[in-house]
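Asker: Fold the following and give me the result.
(one chain, ligands or ions: 2)
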Amino acid sequence: MTLPTSELATASSVCDLTVVGGTGDLALRKLLPALYQSERRGNLAPGTRVIGGSRHDLDDAGYRAMVREAVHTHVPAHELDETVIERLLDRVRHVVVDADSPEGWDELHGVLKQAESDDVVRVFYLAVAPRLFGPICQRLDDIGVVEPTSRVVLEKPLGTDLASARRINDAVGQVFDEPQIFRIDHYLGKESVQNLLVTRFANTFLEPLWNSRWIDHVQITAAETLGVGERSGYYDTSGALRDMVQNHLLQLLCLVAMEPPTYVGRETVRDEKLKVLQALKPMSPEDVDRDTVRGSYAAGVVDGAEVPAYADELGRPSQTETFVALRAEVQNWRWAGVPFYLRTGKRMDRRTSEIVVVFKAPPHAMFPGSEGATEPNRLHIRVQPDEGMHLHMTVKEPGPGGIRLRPATLDLSYATAFDAVSPEAYERLLLDVLKGNPTLFMRRDEVEAAWAWVEPVLQRWSSLDERPDEYPAGSSGPAAAEALLERDGRTWQETDR
Ligand SMILES: NC(=O)C1=CN([C@@H]2O[C@H](COP(=O)(O)OP(=O)(O)OC[C@H]3O[C@@H](n4cnc5c(N)ncnc54)[C@H](OP(=O)(O)O)[C@@H]3O)[C@@H](O)[C@H]2O)C=CC1
Ligand SMILES: O=C1O[C@H](COP(=O)(O)O)[C@@H](O)[C@H](O)[C@H]1O
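Answerer: Ligands and ions are numbered 1, 2, ... in the order given. A predicted model of the protein is given here:
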């Protein structure tokens, strides 16, 4: 079994990568530093160019200065190499384009016509608000630059509900065929997320246990210490359910719950993930009231600094949730009766993304005095920080004087086990785009199935017209999130660090 995305050392095809939104936060903070890293590792094919597009009145030199600063700001100092920066800058151009106007697009056409050869693949990365995806695709079509080999990359969020996601998909689909469309979910580019597939399917010891007979429940957490910062305009129209659960957390759930595909390939993994999304138990209004928790951070202390409440950062009261916890069920043979608890929030006590698989307790306490002393086995898959895994077990405490049971862990930290730093998710995903490998990108049917599942939650919440529960910034979320598990006789599990 080979993971196509592990081909990081393989050069990509020669591409003209046009980043519409090339002056925005995402481009400067993530995409251009990722391209720098690809250049540094020799993974950008000679002849590949990067064309930034925005309404900024910038010439090539002005944009190159912006790119240089972005690389200096967002790449760790020990990885900076001026000769690599120069090599990257040689590839860089800028065109002034406005999605809302036909002007400027001919200039893009002119630049693309100067490509090294007719074989250069045109990639259009839309790092702009999703409402612009359809209009930009139309403009690209109007100027005649979309070829059968072209690709388009769409950033999340893809819509705000099922209907808007369908509209965007329809609009993009007027110009690009589905195999040409790469919908990014950057969690799928994280090393440990891909390792989840390998751990499950390249080892034999887990798979026989990976079902409702042996697994009690699964917890998936993505906690951030950051607040909404500069993105409050976007975030307040979104909230944690749309921003994190509909995409990243459900993708993680899919990778935990999916059946083994016959091989890891472009469509096979996505086919299996889709089946999981389609098997999620639909939420009735009563389910939403019972099985979901919304929170909004109040003022508090994070990493030793006082931070304001969400509403104060925003400058007005808001019903938008900055925290969600919920209980989901996958209604199929493997997972019947196994709850999946999902939780995500901003301004929490720690930055951690983690999957915890909690196994059932041993059926019989056979060691004298050991009733209640054994903790169920837990497999922690740490997505970030400190990527790795640890298996929580019960062992005998060494020494004479009878058998005393003690919890202990088998720990695998990537940083210590492998002498290699994992590439940033965007570096890996951008290379996959340049190579034309869509395995780690979301297909239309997946995105829409995920929206179909979260939509009843959104509808119920908006019908209630209530403010989310407050939680102090720097805490683990609202008390109701603890109660959600306590009701089932369970607790959230954290990796001890
Ligand atoms: N920032 C992040 O961390 C993340 C962002 N995303 C998504 O990526 C996308 C971009 O986000 P972000 O970079 O933060 O947004 P910004 O607002 O920082 O940047 C938007 C970019 O789009 C350009 N732009 C805006 N309007 C037009 C237009 N009419 N025609 C052409 N270009 C235009 C802007 O340049 P100008 O104004 O000069 O035209 C700018 O380059 C969004 O969909 C966002 O949700 C997803 C995950 C994380
Ligand atoms: O997509 C998003 O993800 C980030 C969290 O990403 P991470 O890689 O730092 O875990 C989140 O802050 C942002 O709100 C969301 O849009």
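
Asker: Can you tell me the number of residues neighbouring the residue in the stretch 301-450 of the chain positioned nearest to ligand 2?
Answerer: Here the residue of the stretch 301-450 of the chain nearest ligand 2 is residue 353; by C-beta to the nearest ligand atom that distance is 5.6 Å. (C-beta placed from N, C-alpha, C; glycine too.) Using other C-beta atoms under 10 Å, residue 353 is surrounded by 24 other residues.

Asker: for the one helix or strand it maps to, packing partners?
Answerer: Taking DSSP states H and E as the criterion, residue 353 maps to strand 352-359. Packed against strand 352-359 by the contact rule (3 or more C-beta pairs under 8 Å, 6 or more residues apart in numbering; DSSP states H and E) you find strand 215-223, helix 250-257, strand 378-384.

Asker: Report whether stretch 130-139 contacts ligand 2.
Answerer: No - against ligand 2, stretch 130-139 shows no contacts by C-beta under 6 Å from any ligand atom, the least distance being 12.1 Å.

Asker: Provide a list of residues in contact with the residue most central in space within the chain.
Answerer: Closest to where the C-alpha atoms of the chain average out (C-alpha atoms, centre = their mean) is residue 187, at 2.6 Å. Counting by C-beta atoms under 8 Å, 6 or more residues apart in numbering, residue 187 makes contact with 193, 247-248, 251-252, 353, 383, 425.

Asker: Mind picking the one among those that's closest to residue 102?
Answerer: residue 247 (32.5 Å; C-beta to C-beta).

Asker: right, and the closest one touches residue 185 too?
Answerer: Yes - with contact defined as C-beta atoms under 8 Å, residue 247 counts as touching residue 185 (5.1 Å).

Asker: Can you work out which residues contact both of these two?
Answerer: Common contact partners of residue 247 and residue 185 (C-beta under 8 Å, 6+ apart): 156, 442.

Asker: Please report how far residue 333 lies from residue 280.
Answerer: From residue 333 across to residue 280, the span is 15 Å (C-beta to C-beta, to the nearest Å).

Asker: who's more crowded, these two?
Answerer: Per other C-beta under 10 Å, whichever of residue 333 and residue 280 has more neighbours is residue 280, with 22 against 9.

Asker: Let me know whether that one touches residue 329 as I believe.
Answerer: Yes - using C-beta under 8 Å, residue 280 is in contact with residue 329, at 7.2 Å.

Asker: picking up where we left off before, turn the helices and strands packed on strand 352-359 into CSV, columns for mean pLDDT, distance to residue 432 and mean neighbour count.
Answerer: CSV is the format used below for those (pLDDT from 0 to 100; distance: least, C-beta to C-beta, whole Å; neighbours: other C-beta atoms under 10 Å):
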stretch, mean pLDDT, distance to residue 432, mean neighbour count
strand 215-223, 98, 22, 22
helix 250-257, 98, 15, 23
strand 378-384, 94, 19, 21
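
Asker: Any chance of a markdown table for these, columns distance to ligand 1?
Answerer: A markdown table is the format used below for those (distance: least, C-beta to the nearest ligand atom, whole Å):
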| stretch | distance to ligand 1 |
| --- | --- |
| strand 215-223 | 13 |
| helix 250-257 | 14 |
| strand 378-384 | 15 |
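
Asker: Of all the ones you listed, which one comes closest to residue 100?
Answerer: helix 250-257 (32.1 Å).

Asker: so what does the closest one touch, helix or strand wise?
Answerer: Secondary-structure packing of helix 250-257 (3+ C-beta pairs under 8 Å, 6+ apart): helix 191-201, strand 215-223, helix 268-279, strand 339-345, strand 352-359, helix 444-464.

Asker: Is that helix in proximity to ligand 2?
Answerer: No - on the criterion C-beta under 6 Å from any ligand atom, helix 250-257 is out of touch with ligand 2, staying 11.1 Å away.

Asker: That helix vs helix 444-464, what angle?
Answerer: 120 degrees (axes from the mean of the first three to the mean of the last three C-alpha atoms, to 10 degrees).

Asker: Pull the residues that contact helix 250-257.
Answerer: Under the contact criterion C-beta under 8 Å, 6+ apart, helix 250-257 has outside partners 185, 187-188, 193, 196-197, 218, 220, 272-273, 276-277, 328, 330, 334-335, 340, 342, 355, 357, 383, 442, 446, 450, 453-454.

Asker: For ChimeraX, write the selection for the buried entries among those residues.
Answerer: Only the buried entries of these go into this ChimeraX selection, using 16 or more other C-beta atoms under 10 Å:
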select :185,187,188,193,196,197,218,220,272,273,276,277,328,330,334,335,340,342,355,357,383,442,446,450,453,454
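
Asker: Could you give the bridge partners of residue 355?
Answerer: Applying DSSP bridges to residue 355 yields these beta-bridge partners: residue 220, residue 381.

Asker: please begin residue numbering at 38 from this point
Answerer: Right, with 38 as the first residue, what we last looked at is residue 392.

Asker: Kindly provide the distance from it to residue 235.
Answerer: Relative to residue 235, and taking C-beta to C-beta, residue 392 is found at 14 Å.

Asker: just residue 513 next, same as before
Answerer: 30 Å.

Asker: who's more crowded, the two?
Answerer: residue 513 (19 against 13).

Asker: from memory the more buried one sits against residue 385, does it?
Answerer: Yes - applying C-beta under 8 Å, one finds residue 513 in contact with residue 385, separated by 6.3 Å.

Asker: Would you double-check that the residue nearest to the centre of the chain falls in a helix?
Answerer: Yes - the assignment for residue 224 by DSSP: H, G, I helix; E, B strand; the rest coil puts it in a helix.
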